[in-house]
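Chemist: The sequence and its predicted three-dimensional model are supplied below.
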Amino acid sequence: MSEIQEEYWGMPEKTYCMLIHLSQLTSVVAPGLGLVIPIVMWAMNKDKSKEIDQHGKVTLNWIISLAIYSIICVILWIFLIGALAFLVLAILNFVFAIMAAIKANKGELWVYPMSITFLKYK
C-alpha cells in the first residue's frame, strides 16, 4: 500500500525543497529575484513541513552570508582582489546551489560551506 504524499504548489516535498535551493539562481535573470523567491517559497510552507522549514533556513543562511561576502568583495574591489573574489563567490554560489538541490532531491539536508548560521535549522 503506497502512502499519500502531500504536495506543495503541486510538487512533492523533495522537489519543492530542491527548487528552494535552485530558486536563488534566478538572480541571474533579474537581480533580487534570487532573494525574494526562496523567502516566499519558505514562508508559504514552513509551518506545514519540517523539511521545507530546514531547507528554507539553510538557504536563507547562505543568501545572507553571500550578501555579507559580496559587500566585503565590493570593499576589496579598490585593491583589485575584490573583483577576483567576487567572481569566485559567484561560482561558489552556483555550485553550492546545485549541490544543495541534488541533496534535497535525495531527501538530504546539505548545509552550505562558509554559511553563517543566522537561523537555526535543527
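Modeler: Everything's here; your move.

Chemist: how about the helices of the protein, start to end?
Modeler: 13-23, 33-45, 50-76, 81-105 (DSSP state H).

Chemist: low-scoring pLDDT stretches of this structure, where are they?
Modeler: 1-4 (pLDDT under 70).

Chemist: Phe118: which of the helices of the chain is closest?
Modeler: helix 50-76 (5.4 Å; C-beta to C-beta). No exception for glycine: its C-beta is placed from N, CA and C like everyone else's.

Chemist: Out of the helices of the chain, which one sits most buried?
Modeler: helix 13-23 (a mean of 22; mean count of other C-beta atoms under 10 Å).

Chemist: contact partners of it?
Modeler: By C-beta atoms under 8 Å, 6 or more residues apart in numbering, the list of residues contacting helix 13-23 from outside reads 5-9, 11, 34, 37-38, 41-42, 45, 49, 51-52, 55-56, 59, 97-98, 100-102, 104-107.

Chemist: go on, stretch 86-102?
Modeler: Outside stretch 86-102, the residues that reach it (C-beta under 8 Å, 6+ apart) are 18-19, 21-22, 24-25, 55, 58-59, 62, 66, 69-70, 73-74, 77, 110, 112-114.

Chemist: before we move on, what about stretch 50-68?
Modeler: With contact meaning C-beta under 8 Å, 6+ apart, stretch 50-68 is reached by 8, 13-14, 16-17, 20-21, 24, 34-35, 38-39, 41-43, 45-47, 89, 93, 96, 100, 104, 107, 109-112, 114-122.

Chemist: And stretch 107-122, by the same measure?
Modeler: If you take C-beta under 8 Å, 6+ apart as the criterion, stretch 107-122 is touched by 14, 51, 53-55, 57-62, 64-65, 68-69, 92, 96, 99-100, 103-104.

Chemist: Could you tell me the end-to-end distance of that stretch?
Modeler: 15 Å (C-alpha to C-alpha, to the nearest Å).

Chemist: Pull the distance from it to the chain's centre.
Modeler: 9 Å (C-alpha atoms, centre = their mean, to the nearest Å).

Chemist: Met114 - how many residues pack around it?
Modeler: Neighbour count of Met114, defined by other C-beta atoms under 10 Å: 11.

Chemist: Look up phi and psi at it.
Modeler: Met114 has phi and psi values of phi 70, psi 0 when expressed as degrees, to the nearest 10.
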